[in-house]
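>>> Build me a model from this:
(one chain, ligands or ions: 1)
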Amino acid sequence: MVIEAFEKVKELETAIHNSNINNKEELEAFRIQFLGTKNCIKPLFAAIRDIPNDRKKEYGQLINAVKQQAEQKFEASAQQLLSKAANDVDVPDLTAPAESLELGSRHPVSLVLNQMIEIFDRLGFTIAEDSEIEDDWHNFTALNTPEDHPARDMQDTYYILNDPSRLLRTHTSSVQSHVMMNQEPPIRIIAPGRVYRNETISSRAHCQFHQVEGLYIAEKVSFADLRQTIYYFAKEMFGATKIRLRPSFFPFTEPSAEVDVWWGCDSEADKRITKGTGWLEILGCGMVDPAVLKNCGIDTEKYSGFAFGMGVERIAMLKYQIDDIRLLFENDVRFLKQFDKTAIF
Ligand code: PHE
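So this is what the prediction gives:
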């Protein structure tokens, strides 16, 4: 009887020693078996009353030691599993090929703008830029459009709150005022940039859009130079074979003209786009009014010049057959995805 009890303790000791604890589940099973409320060591403690007195002490020490072994094994295994989990954090395979990134596409306005810049660059035009918040003088007065001039109504203006002398530029002609003030001719610049007008938003009009305006001032610049420059642009941009100039009015140019490119009138689509005429209006232009040159301190005896201006969205809509200008400002990915991903401009 006594021997049997001692043997049971030994067996338990071996069982503890031989337990394999390799994961959380095995650790929990070990805990339940040896340390839980119904653990298998408990009955051995109870058995102490059957041990003869002279061996009770020895027996007690033995099962206490076994219990301690179980506790130590549990603690050590728990620690081991914890540090193993910390080491097992996924280390990425640094030699694996990278996942391919989805390429975005250029915005159609950027595509067209860059193409325009590139065409005029070939003719020697450099880029000039200035602020979108402008003063009244550079946007209007310098350009022969003094206060109360009816032409100001052509460009409904956003003024800065509490400061009527400052506004959001209505055209990038304001950049031309700055350049003329600061630079001696010859001047050959284009001014690309965003402009603002207080227009009701519709499929044809927006309160913000982009322009490219050009200015060429030198000795003996003629209307023929203007026409030829515009023709080159129309040919490169649209593959146009002919252009026509219609008399028009701008306060800062005299004479002024509006330019149409020959689009063609063959298909139903051509007829729709050109309203049956075969012609498409693309820009406004003219010879810089000497009053403008004077305002900006340029010698009108010596120099003359031409200027032109066009809307980038309008050109993009014609080129890509987009029938609603709002699409160009909404940034709907389904729309933007259709434009050339590989375009380098
Ligand atoms: N500034 C004019 C506009 O915004 C365009 C233009 C520029 C016309 C230069 C003639 C000459 O409508």
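
>>> What ranges does the chain have for its strands?
For the chain, the strands defined by DSSP state E cover 126-127, 133-135, 159-160, 163-168, 187-196, 208-218, 243-250, 253-262, 279-288, 304-311.

>>> I'd like to know how many residues surround the residue in the stretch 51-200 of the chain positioned nearest to the ligand.
Closest contact between the stretch 51-200 of the chain and the ligand, by C-beta to the nearest ligand atom, is at H171 (3.3 Å). To be clear about C-beta, it is placed using only N, CA and C from the backbone, and glycine gets the same treatment. H171 has 25 neighbours, counted by other C-beta atoms under 10 Å.

>>> Same check on V89?
Other residues near V89 come to 6 when the count uses other C-beta under 10 Å.

>>> Okay, buried residues for the helix or strand of the chain with the lowest mean pLDDT please.
Lowest mean confidence among the helices and strands of the chain (mean pLDDT, DSSP states H and E): helix 268-273, at a mean of 84. Buried residues in helix 268-273, counting neighbours by 16 or more other C-beta atoms under 10 Å, are found at I273.

>>> contacts for it?
Contacts to helix 268-273, defined as C-beta atoms under 8 Å, 6 or more residues apart in numbering, come from residues W263, G264, C265, G278, L280, L318, Q321.

>>> Which residue comes closest to the first one once chain neighbours are left out?
Nearest-residue entry for W263: L280, 4.6 Å, with adjacent residues in sequence omitted and distances by C-beta to C-beta, 6 or more residues apart in numbering.

>>> these two touch, right, V175 and P192?
No: if you go by C-beta atoms under 8 Å, V175 and P192 don't touch, sitting 9.0 Å apart.

>>> Those two: who's more crowded?
Between V175 and P192, counting by other C-beta under 10 Å, V175 is the more crowded of the two (26 against 20).

>>> before we move on, back to that, any chance you could list residues touching both of V175 and P192?
What both V175 and P192 touch, as defined by C-beta under 8 Å, 6+ apart, is the set E129.

>>> which strands and helices sit next to the lengthiest helix in the chain?
Secondary structure of the chain per DSSP state H: the longest helix is helix 53-87. In terms of contacts (3 or more C-beta pairs under 8 Å, 6 or more residues apart in numbering; DSSP states H and E), helix 53-87 is packed against helix 2-18, helix 24-34, helix 42-46.
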